[in-house]
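Q: Make a model of this:
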Amino acid sequence: MHGVELILISLLVAVSVLAATSRAIGVPYPIVLVLGGLVMGFLPGLPDAELEPELVLVIFLPPLLYSAAYFANLRDLKADLRAISLLAIGLVIATAAAVRRRGTRADRRAAVGGGVRAGRDRRRRPIRWRRRRSPAG
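A: Okay, the predicted model is just below:
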């Protein structure tokens, strides 16, 4: 076997063992996987495994999000709706304020320009499409 296959099989075995361990001790599996990844990252002698960010976004993230959404407890989400909403809205406002306060002039222009364009595009696209669909009148 080549080095890449050996690394992938080793990671697959490690994930399986860590997932079984998380069930046995009653801790959510993402916590155990993160801790296991931290431990493996500090082990000497393990080769570096690098993944392209696009690969992670296209291959690994969608199944994780789908699984989390499918098995989400709606009662718990409804009970925590206030906290989730406050964090979501509050963090967006905090990020915008940080860009406004600490960002460079180009960062601020990009943030304002993106907001202005997003508001305009929503209204202009339907008009353009209507004109293109019926050129004969």
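
Q: just the helices in this protein please.
A: 3-25, 29-42, 53-55, 61-70, 74-79, 81-102, 105-133 (DSSP state H).

Q: Could you pull out the buried residues of the shortest one?
A: Just to be clear, that refers to helix 53-55. Along helix 53-55, no position meets the burial threshold by neighbour count (16 or more other Cβ atoms under 10 Å). Quick note: C-beta positions are derived from backbone N, CA and C, even for glycine.

Q: which helices and strands does that helix pack with?
A: Packing partners of helix 53-55 (3 or more Cβ pairs under 8 Å, 6 or more residues apart in numbering; DSSP states H and E): none among the helices and strands.

Q: Could you give the separation of it from the chain centroid?
A: 12 Å (Cα atoms, centre = their mean, to the nearest Å).

Q: I25 and E54, how far apart?
A: The gap separating I25 from E54 is 35 Å, by Cβ to Cβ, to the nearest Å.

Q: For P44, what are phi and psi?
A: Backbone torsions for P44, taken as degrees, to the nearest 10, come to phi -80, psi 150.

Q: OK, contacts around it?
A: Contact analysis of P44 by Cβ atoms under 8 Å, 6 or more residues apart in numbering lists nothing.
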